[in-house]
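> heads up, no residue letters with this:
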DNA sequence: CTGAAAGCGCTAACAT
DNA sequence: ATGTTAGCGCTTTCAG
């Protein structure tokens, strides 16, 4: 071999490049680029000629090369904990929609509630040079936030809002939302109220809702009973099992706040299966307002959260911040209590009465 | 200005590059690259020195530049029609998991059942130089397949399997699966059977299930009544409305095949709400085996499809095909009928009887 | 309105 | 085991 390096200009797997297109249409690569970015001033004539060649060759520009050269990846990332709870899917879908319209692609990461896993996803997204990040919840190593900022990447927190925190957030306030639910129960005369929620150690939304439950109870002079507080995974079955166990307590609750509808629906169906009347024997208020909640029997009283709008706004704020080179603006979204059939006035020791009834029957 | 171009080597927004790392640790960029790709032979000593600098600077390599240079993007794309039906979420999550483990990032596209939208997503993914594509269903413009292949991108079809087609698929056979459901009903003595399914014009899975319904009926000497076939969107409410309408027919069905569980659960709950007994008044068999189906009352008889496994296998086959430079191997997955409480023996004109009962009560 | 050419940050031959 | 260097395919000044 006499020559130093044998790299013919188009030895590649036949994938066309700007150079070929430029050559074929008798213009420079710069012009092709201008035509394709469709923003520049190019004469109608040249544009037509170039486009003809582009179409003829089914030319698809190399976006990564473009990103490298322009230093804009036109990608954002979103990290959600799970897809088992459809609220995250709904939010992601909304993000996807606005991103797409703005010419951005979205990378989806699923952390499965693992901080290590999340850190890994963030690292990968940073490598891919996302221009922005949509995060779920606020609790994560300070290091990680530093790493994100250090790489010049903007982010916005969803599903968690605290007016006192410095991090940009587009979300509702879990504390307030949960308080509405608990106060609804208290106002119906319930004093003995149980809580079922997600795992507070890996989920700051669950933590916040739990904290709100406890403090709201105390604010009304009720001391929450730790034996009536269950933290479980996000599954129908977990809600079912939790409620079954809780109702075996010697002093069972007359009402339940179940801080997510997946567990709430599971629990509600279980109650019916056990022959309990809802809300006569037990009131239940859920959280999320999943579509199915209005169709179960009785329809579930629950807290409506704006999952879709949150996704939409988070993406809009993030992208506009990126484009305008400004910090992301926070917004607090509102929630509301949707009162349906699963909550009613407290009646003394209704579970015990129901139990007796069952015993008589069985 | 006397000089031609003013481009200082590190004027950028402070983001570190290999060159800086190489310089700081007194090695070449090639060595840094070797350390980071962790595959090459590098002395323990140099590796440690380089890693120290990497960590000190929180250096995150520019993945797009790497992709460009190595001509491997380490990305795959998946396109699903919606996230409203959680089976797609489940599948996507599985894909994500194996991709991540293999060092691939996944781009998620949501087509919302629009072919135009899907074509756009594919184009964008091709620009991003995905190395492979996981598609939902097989029906799309031949042009589009050509475009994908023309760009040297491998793909695999999911949720649709036909042994006669040339396209690589990792899926179950909708026709067979639906036939199991219909035959179950027929074997219980039902002759007047209705169908509720997705829109067959934009969804080849729905089409296939509908075709299977009609042909299986005929194979058993029953002519399907077009008035008992409803194509609807994927919503609980659509299932509800469809069943309500269908039962007003002068000769209502004694059984229903509802080709997806979202609609099936909606329909089932509606039946209960209308005071109908399931399966005494009406048998229902669903499709998908969503988690909730086993908890509704009565638990839904349905066809179990391997959403998670399909995602896992599709991703594995695709990635291994990419890595070994071979075509993607097809696999047909199996489904099974899960008989639960919503189906029972046919009883003559049970709906009419129920109606009379209701009239008597009302 | 168009072209020339210098990189974007990295990897992969090739050479040592 | 490590360094040199030529690109990857595109965008973007700057010049005309």
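Looks like it arrived, so ask away. From a predicted model like this one, the values you see are computed outputs, not experimental measurements.

> use CA for all of it now, contacts and neighbours both
OK.

> mind checking the SS state of residue A:347?
coil (DSSP: H, G, I helix; E, B strand; the rest coil).

> one more: residue A:211?
Going by three-state DSSP: residue A:211 is helix.

> which residue packs closest to it, ignoring adjacent ones?
Distance criterion C-alpha to C-alpha, 6 or more residues apart in numbering or on different chains; nearest residue to residue A:211, sequence neighbours excluded, is residue A:175 at 7.5 Å.

> got the contact list for the one you found?
By C-alpha atoms under 8 Å, 6 or more residues apart in numbering or on different chains, residue A:175 lies in contact with A:208-209, A:211-212.

> likewise residue A:112?
Contact analysis of residue A:112 by C-alpha under 8 Å, 6+ apart lists A:80-82.

> doesn't the residue nearest to residue A:211 lie inside a strand?
No. The assignment for residue A:175, made by three-state DSSP, is helix rather than a strand.

> quick check: the gap between it and residue A:216.
Plainly put, residue A:175 is 9 Å away from residue A:216 if you go by C-alpha to C-alpha, to the nearest Å.

> one step back: look up how far residue A:42 lies from the residue nearest to residue A:211.
For residue A:175, the distance to residue A:42 - C-alpha to C-alpha - is 56 Å.

> also residue A:306?
45 Å.

> how about the nearest residue to the residue of the stretch 151-300 of chain A found nearest DNA strand C, chain neighbours excluded?
Proximity of the stretch 151-300 of chain A to DNA strand C (C-alpha to the nearest atom of the strand) peaks at residue A:151, 11.3 Å away. Distances taken as C-alpha to C-alpha, 6+ apart place residue B:15 nearest to residue A:151, at 6.5 Å, with adjacent residues excluded.

> what does residue A:67 give?
residue A:73 (4.6 Å).

> let me see the contact set for the one you found.
Per C-alpha under 8 Å, 6+ apart, neighbours of residue A:73: A:64, A:67, A:128-131.

> residue A:333 now?
Residue A:333 touches A:170-173, A:306, A:310, counting by C-alpha under 8 Å, 6+ apart.

> span of stretch A:36-45 from start to end?
End to end - C-alpha to C-alpha - stretch A:36-45 spans 14 Å.

> run the contact check for that stretch versus DNA strand D.
Yes. Applying C-alpha under 7 Å from any atom of the strand, one finds stretch A:36-45 touching DNA strand D at A:36-37.

> so what touches that stretch?
A:31, A:34-35.

> again, only using 10 Å
Residues from elsewhere that reach stretch A:36-45, judged by C-alpha atoms under 10 Å, 6 or more residues apart in numbering or on different chains: A:30-35, A:47-48, A:50-51, A:54, A:60-61.

> show me which of these are buried.
A:31-33, A:35, A:47, A:50-51, A:54, A:60-61 (16 or more other C-alpha atoms under 10 Å in any protein chain shown).

> got a list of what whichever residue of the stretch 101-250 of chain A sits closest to DNA strand D touches?
Nearest residue of the stretch 101-250 of chain A to DNA strand D: residue A:103, at 12.8 Å (C-alpha to the nearest atom of the strand). When contacts are counted by C-alpha under 10 Å, 6+ apart, residue A:103 touches A:74-75, B:124.

> now, among those residues, which is nearest to residue B:258?
residue B:124 (35.1 Å; C-alpha to C-alpha).

> where does the prediction get shaky in chain A?
A:1-14, A:39-40, A:348-362 (pLDDT under 70).

> before we move on, what SS does the residue nearest to the spatial centre of it have?
Taking C-alpha atoms, centre = their mean, the centroid of chain A lies closest to residue A:88, which sits 3.7 Å from it. Here residue A:88 is recorded as helix under three-state DSSP.

> where's the residue nearest to it when sequence neighbours are not counted relative to DNA strand C, distance?
Closest residue to residue A:88 apart from its sequence neighbours, by C-alpha to C-alpha, 6+ apart: residue A:80 at 6.6 Å. Using C-alpha to the nearest atom of the strand, to the nearest Å, residue A:80 is found at 27 Å from DNA strand C.

> okay, and the beta partners of residue A:80?
Listed by DSSP bridges, the beta-bridge partners for residue A:80 are residue A:110.

> tell me the contacts of it?
A:88-89, A:91-92, A:108-113, A:118, A:134-137, A:158.

> circling back to that earlier point, could I get the contacts of stretch A:36-45 as CSV with distance to residue A:285 and secondary structure?
Below are those laid out as CSV (distance: C-alpha to C-alpha, whole Å; DSSP: H, G, I helix; E, B strand; the rest coil):
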residue, distance to residue A:285, secondary structure
A:30, 62, helix
A:31, 62, helix
A:32, 60, helix
A:33, 57, helix
A:34, 57, helix
A:35, 57, helix
A:47, 61, helix
A:48, 62, helix
A:50, 62, helix
A:51, 59, helix
A:54, 58, helix
A:60, 52, coil
A:61, 53, coil
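
> how much space is there between the residue nearest to residue A:211 and chain B?
Distance from residue A:175 to chain B, counting by C-alpha to the nearest C-alpha, to the nearest Å: 28 Å.

> ramachandran angles for residue A:196?
Phi and psi for residue A:196, reported as degrees, to the nearest 10, are phi -120, psi 130.

> quick one: neighbours of it, just the number.
Other residues near residue A:196 come to 26 when the count uses other C-alpha atoms under 10 Å in any protein chain shown.

> residues contacting it?
Here residue A:196 is in contact with A:206, A:210, A:228-232, A:238-239, A:242-243, A:246, A:256-260, A:263-264, A:267, A:286 (C-alpha under 10 Å, 6+ apart).

> can you name the residues bridging to it?
Assigned bridge partners for residue A:196, using DSSP bridges, are residue A:230, residue A:258.

> what about it, distance to residue A:329?
For residue A:196 relative to residue A:329 (C-alpha to C-alpha), the value is 33 Å.
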